[in-house]
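Here's my sequence, what's the structure:
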Amino acid sequence: MKKLTLTALAVITSMAIASEALAQDAAAGKTSFNKCMACHAIGEGAKNKIGPVLNGVDGRKSGTVEGYAYSDANKNSGVTWNKEQFLEYIRDPKAKIPGTKMVFAGIKNEKEANDLWAFLSQHDKDGKVK
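Alright, predicted model coming up:
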């Protein structure tokens with residue numbers, strides 16, 4: 001019984017550590033956003049660049065930022081951004097939306113992608129942190 005209890009404790013501890021490792025960290029996501037800054041802006045007063053502003057991305061339909069000239073692929077993708085859609089997209093943008101103008105190799109690291117989502121999704125449509 002003691003051996004079973006220790007084994008169960010080890011499994012639970014391992015699961016907690018793995019879960020903690022995948023926890024979202026908006027501060028780390030802000031650092032990861034440095035990879036995006038050449039093309040995208042976020043925050044109060046952000047303007048479209050080579051890519052659209054990323055304010056209010058959570059819940060926004062792809063291809064709808066005013067004043068940005070999207071590819072037909074983005075406009076017609078039917079994607080509404082949420083964590084699941086974003087994580088799939090940021091891993092390989094051209095696979096998720098074939099024909100997108102976004103030229104980016106993607107973020108394959110799951111923790112980094114989750115952290116980036118945590119940073120992006122905390123900004124409302126006006127760029128204020130929720």
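
C-alpha from now on. contacts and neighbour counts both.
OK.

can you tell me how far the residue nearest the centre of the chain sits from residue 71?
In the chain, the C-alpha closest to the average C-alpha coordinate belongs to residue 117, at a distance of 3.1 Å (C-alpha atoms, centre = their mean). Plainly put, residue 117 is 23 Å away from residue 71 if you go by C-alpha to C-alpha, to the nearest Å.

what stretches of the protein score poorly on pLDDT?
Across the chain, the stretches falling below the confidence threshold (pLDDT under 70) are 1-23.

Helices of the chain, start to end?
Remark: helices of the chain, listed N- to C-terminal, are 2-22, 26-32, 72-75, 83-91, 93-96, 110-121; assignment by DSSP state H.

Now do the third one: everything it contacts.
The one in question is helix 72-75. Here helix 72-75 makes contact (C-alpha atoms under 8 Å, 6 or more residues apart in numbering) with 62, 63, 64, 97, 98, 99, 100.

mind listing what the fifth one touches?
By C-alpha under 8 Å, 6+ apart, residue 98 lies in contact with residue 73.

and what of the fourth one?
Shown in contact with residue 97 (C-alpha under 8 Å, 6+ apart): 73, 74, 77, 89.

I figured the third one hits residue 62, correct?
Yes: applying C-alpha atoms under 8 Å, one finds residue 77 in contact with residue 62, separated by 7.0 Å.

hmm, back to that, return the distance of the residue nearest to the centre of the chain relative to residue 85.
Using C-alpha to C-alpha, we find residue 117 at a distance of 10 Å from residue 85.
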